[in-house]
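Asks: here is the input, now give the coordinates:
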Amino acid sequence: MLAYQNGDDAVLDQIYMMLRQPLYSFIYRYSRDEQLSIDIVQDTFIKLQRHKHDYNPDKGKLKSYLFQIAYRLMVTKLNRRKKWRNLLPFLTPSEAEDFHHSDRIVVRDAVTKLPGIQRAVIILFYYHDVPQRDIATILEIPKGTVKSRLHAAIQKLKQELEVEDYE
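Replies: Alright, predicted model coming up:
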C-alpha cells in the first residue's frame, strides 16, 4: 500500500486481485444481494483510490481498513434502501421486481410528469443510487437544493400515485 500511496498505481491491481473476493464474500454473506455486493466492492476500491493517503499502516492492516470501508458503505446503502422502501416501495430495485408491469408503467409515467429539475434528482438518487453529494456536483447545484428537490419530488409522486404518508 505504501508503494501505491507513493505513486505506483500498478500496485492497486495487486491489492484488488488479492482482496476483492474476501470483500465480496463478506458483503454477500451479510446482505445476500449479489448486485449490492459487487457494487460495494467497486465502491470500496473507488473510495480507496480517492482517499489513498488516508490509510495509515500504523492503525491496522490494509485488509481491515478495506473491510471497514466496505461495511460502512453497505450499511449506508442498506439503510437508505430501507428508508425509501417505506416511503416509496416501487423506487427500490429489489421491490420494483415485485410490481406488476402495469404498476411499473404508472410509476414511470408519474416520474416523467415531474418537473425536469426534480426528475433528474429522483432518477439519479433512486434508479442509479448516486449519493446526494455527487448529484449536487453532477447538476452543479448545492447539496441542500438536491435535498429540497428530492423532498418536493417525493411529495408530488405520493400525490400522483396516491400513496399514504407514513412519516
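
Asks: count the neighbours of residue 58 for me.
Replies: By the criterion of other CB atoms under 10 Å, residue 58 has 4 neighbours. Every C-beta, even on glycine, is put in place using the N, C-alpha and C of the backbone.

Asks: in the protein, what secondary structure element scores lowest on mean pLDDT?
Replies: helix 93-96 (a mean of 47; mean pLDDT, DSSP states H and E).

Asks: SS state for the spatially most central residue of the chain?
Replies: Centroid-nearest residue in the chain, with CA atoms, centre = their mean: residue 129, separated by 4.1 Å. What DSSP: H, G, I helix; E, B strand; the rest coil gives for residue 129 is coil.

Asks: phi first, then psi, for it.
Replies: phi 50, psi 40 (degrees, to the nearest 10).

Asks: what residue ranges in this structure score low on pLDDT?
Replies: The chain contains residues with pLDDT under 70 at 1-2, 5-6, 83-104, 163-167.

Asks: grab the nearest non-local neighbour of residue 134.
Replies: Spatial nearest neighbour of residue 134, chain neighbours left out: residue 124 (8.0 Å); criterion: CB to CB, 6 or more residues apart in numbering.

Asks: quick one: the one you found and residue 136 touch, right?
Replies: No - Residue 124 lies out of contact with residue 136 (CB atoms under 8 Å); the separation is 10.2 Å.

Asks: from residue 121, how far off is residue 65?
Replies: 33 Å (CB to CB, to the nearest Å).

Asks: just residue 158 next, same as before
Replies: In terms of CB to CB, residue 158 sits 16 Å off from residue 121.

Asks: those two: which is more packed in?
Replies: Using other CB under 10 Å as the criterion, residue 158 and residue 121 rank with residue 121 on top: 27 against 16.

Asks: residue contacts, the residue lying closest to that one once chain neighbours are set aside?
Replies: Leaving aside its sequence neighbours, residue 121 sits nearest to residue 149 (CB to CB, 6+ apart; 4.5 Å). Residue 149 sits next to 117-118, 121 when contact means CB atoms under 8 Å, 6 or more residues apart in numbering.
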